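Colleague: pasting the sequence and the predicted model now:
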Amino acid sequence: MTAAESTAFRAAVDVIAAVDPVIAGAIVGELGNQRSQLKLIASENYASPAVLLAMGNWFSDKYAEGTVGHRFYAGCEFVDRVEARATQLACELFGAAHAYVQPHSGIDANLVAFWSILARQVESPALERLGAKHINDLTEPDWEQLRQELGNQRLLGMSLDAGGHLTHGFRPNISGKMFHQRSYGTDPDTELLDYAEVRRLAQEFRPLVIVAGYSAYPRRINFATMREIADEVGAVLMVDMAHFAGLVAGKALTGDFDPVPFGQVVTTTTHKSLRGPRGGMVLCQPEYAEFVDKGCPMVLGGPLVHAMAAKAVAFTEALQPSFRDYAAAVVANAAALAEGLMRRGVRLVTGGTDNHLVLLDVTTKFGLTGRQAESALLDCGVVTNRNSIPHDPNGAWYTSGVRLGTPALTTIGMGAAEMDEVADIIVTALAAATPTAASTGPSKAKYTLADGTAAACRTRCADLLGRFPLYPGIDLS
Ligand SMILES: Cc1ncc(COP(=O)(O)O)c(C=O)c1O
């Protein structure tokens with residue numbers, strides 16, 4: 001970390017403190033928290049100072065609806081430069097034919113993807129059939145019929161308890177209100193994706209869209225096979241690589257496991273394993289480009305130009321050879337963490353990992369719910385999130401699992417030896433937690449930790465973090 005970086009952040013905090021000391025205090029407090037806890041949340045990372053600083057400037061003030069060279073606002077010369085660069089770098093990084101870097105988040109990217117698929121597969125053919133150039137030219141009855149057709153399509157995605165995401169057609173999310181949805185799960189014995197079952201379901205359900213991708217499945221997906229299945233049933237393969245985009249960029253997932261050559265439309269976040277700013281992006285094959293580029297006004301408003309600038313910085317970083325080392329280390333660390341946990345008797349969903357995440361079953365060995373485990377680990381200095389496991393007996397709120405990921409700890413330089421220590425801290429903490437007895441049986445939320453465990457584990461976490469400091473050299477005191 002350079003002196004300039006430290007000066008920049010200290011000056012920024014001073015400027016903010018002069019207007020709102022509460023917010024300045026929260027910013028400083030958050031860094032303190034992140035520095036004192038082992039971050040094992042699989043969807044989080046530590047962006048570089050350059051990425052963070054690219055977001056804090058006057059690009060935030062600019063409206064720029066439209067695309068490069070075709071804006072609905074004047075004065076977009078430098079915005080165009082930013083968006084064109086981010087787009088070009090994204091294509092280079094992922095070997096994609098087209099990129100759309102405007103989505104503000106993963107959910108937005110998925111909405112852009114869904115509506116560009118609907119526009120190409122449903123709206124365009126209807127316009128052609130009706131001899132119209134634009135939807136505004138349709139009569140009221142024709143438009144009403146098209147609206148019904150758009151709202152009557154089918155989507156097949158991974159079930160939530162197998163590791164899918166809410167935005168893949170589940171009812172609480174708008175995607176579930178847009179599509180008739182069915183899910184594929186995992187094999188009840190191996191907990192692995194069962195491609196034969198996906199094929200059977202696709203043939204039976206005949207979806208317009210098949211979504212591949214996950215937020216809690218600890219294994220690679222064979223996208224060549226998923227595309228084959230989609231082609232067989234005339235579906236579009238959409239891949240949501242929000243979680244593992246960094247592994248794709250860093251060439252830890254290649255060949256059949258690289259989604260970009262196979263998904264007609266591929267969405268991602270930029271802030272998880274990719275280590276960029278909070279945001280989203282859509283990559284697509286050429287025939288979807290014109291539809292994807294209409295994300296604004298379809299589901300987006302003005303782009304966040306400051307975030308697009310930071311995406312470009314992150315893509316430049318990910319194009320460096322060191323990012324390949326990073327991606328390989330993320331996977332190796334997840335394997336080491338999984339091995340350390342299993343050696344200590346923990347049951348892992350699927351019996352291991354071959355990506356960046358590990359899903360622990362905390363009920364079988366420790367008799368805890370995910371909620372209790374998540375809180376007990378936080379008491380001990382380890383930040384995680386609870387997660388459902390396949391066929392979870394404790395439901396989606398309490399859950400029986402804890403999801404761990406290695407992108408963040410790998411960023412600060414930890415390796416396999418540290419992962420073994422992390423595994424030991426986790427097992428020590430969970431073994432010391434006991435559900436509190438309630439009149440109806442063991443509580444699903446309350447627990448007690450054996451005396452001294454929290455303090456001892458926190459000391460061990462502090463030792464580790466002392467050896468691998470976060471943003472070393474940045475001093476905000
Ligand atoms: C697979 C997947 N898709 C989409 C999202 C949504 O991303 P965001 O929180 O940026 O909207 C997530 C976030 O958890 C995710 O894991």
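Modeller: Everything's here; your move.

Colleague: so where's this structure shaky on pLDDT?
Modeller: In the prediction, the chain carries residues with pLDDT under 70 at positions 1.

Colleague: let's see it at 90
Modeller: Residue ranges of the chain with pLDDT under 90: 1-3, 161, 438-441, 473, 475-477.

Colleague: in it, which residue sits nearest the ligand?
Modeller: residue 106 (2.2 Å; C-beta to the nearest ligand atom). Placement of C-beta: from N, CA and C, glycine included.

Colleague: which residues touch the residue nearest to that residue when sequence neighbours are not counted?
Modeller: Sequence neighbours aside, residue 269 is the residue nearest to residue 106 in space, at 4.0 Å (criterion: C-beta to C-beta, 6 or more residues apart in numbering). Applying C-beta atoms under 8 Å, 6 or more residues apart in numbering, we find residue 269 in contact with 43, 105, 106, 109, 242, 245, 278, 279, 280, 281.

Colleague: so the first one touches residue 244, yeah?
Modeller: Think residue 43. No - Residue 43 is not in contact with residue 244 according to C-beta atoms under 8 Å; the separation is 10.7 Å.

Colleague: more crowded one of those two?
Modeller: residue 244 (33 against 20; other C-beta atoms under 10 Å).

Colleague: wait, doesn't the more buried one sit right on residue 253?
Modeller: Yes - Residue 244 is in contact with residue 253 according to C-beta under 8 Å; the separation is 6.3 Å.

Colleague: shared neighbours of these two, which are they?
Modeller: Common neighbours of residue 244 and residue 253 (C-beta under 8 Å, 6+ apart) are residue 355.

Colleague: helix, strand or coil for residue 237?
Modeller: At residue 237, secondary structure determined by DSSP: H, G, I helix; E, B strand; the rest coil is strand.

Colleague: find the nearest non-adjacent residue to it, please.
Modeller: Residue 237 sits nearest to residue 230 (C-beta to C-beta, 6+ apart), 4.0 Å away.

Colleague: just say helix, strand or coil for that neighbour.
Modeller: Once three-state DSSP is applied, residue 230 turns out helix.

Colleague: where's it relative to residue 155, distance?
Modeller: 12 Å (C-beta to C-beta, to the nearest Å).

Colleague: now do the shared contacts for the two.
Modeller: Shared contacts of residue 230 and residue 155, counting by C-beta under 8 Å, 6+ apart, come down to residue 210.

Colleague: any idea what the residue nearest to residue 106 is bridged to?
Modeller: residue 280 (DSSP bridges).

Colleague: next, give phi and psi for the residue nearest to residue 193 when sequence neighbours are not counted.
Modeller: With sequence-adjacent residues excluded and distances taken as C-beta to C-beta, 6+ apart, residue 193 is closest to residue 186, at 5.7 Å. Torsion angles at residue 186 (phi, psi; degrees, to the nearest 10) stand at phi -120, psi 170.

Colleague: same check, this time on residue 53
Modeller: Residue 53 adopts backbone torsions of phi -70, psi -30, taken as degrees, to the nearest 10.

Colleague: mind listing what it touches?
Modeller: Contacts of residue 53 by C-beta under 8 Å, 6+ apart are 5, 8.

Colleague: one more time with 10 Å
Modeller: By C-beta atoms under 10 Å, 6 or more residues apart in numbering, residue 53 lies in contact with 4, 5, 8, 9, 12, 47, 309, 310, 313.

Colleague: element containing the third one, please.
Modeller: If I follow you right, that is residue 8. Assessed by DSSP states H and E, residue 8 sits inside helix 3-19.

Colleague: export only the CA atoms of that helix, formatted as CSV.
Modeller: This file holds the C-alpha atoms of helix 3-19, laid out as CSV (Å, rounded to 0.1, in the frame of the first residue of the first chain):
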residue,chain,number,x,y,z
ALA,A,3,1.6,6.5,1.1
ALA,A,4,-0.5,8.2,-1.6
GLU,A,5,-3.3,5.7,-0.9
SER,A,6,-3.2,6.3,2.8
THR,A,7,-3.2,10.0,2.3
ALA,A,8,-6.1,9.8,-0.2
PHE,A,9,-8.4,7.8,2.2
ARG,A,10,-7.5,9.9,5.2
ALA,A,11,-8.2,13.1,3.3
ALA,A,12,-11.5,11.7,2.1
VAL,A,13,-12.6,10.8,5.6
ASP,A,14,-11.6,14.3,6.8
VAL,A,15,-13.7,15.9,4.0
ILE,A,16,-16.7,13.8,4.9
ALA,A,17,-16.3,14.3,8.6
ALA,A,18,-16.5,18.1,8.1
VAL,A,19,-20.1,17.6,6.7
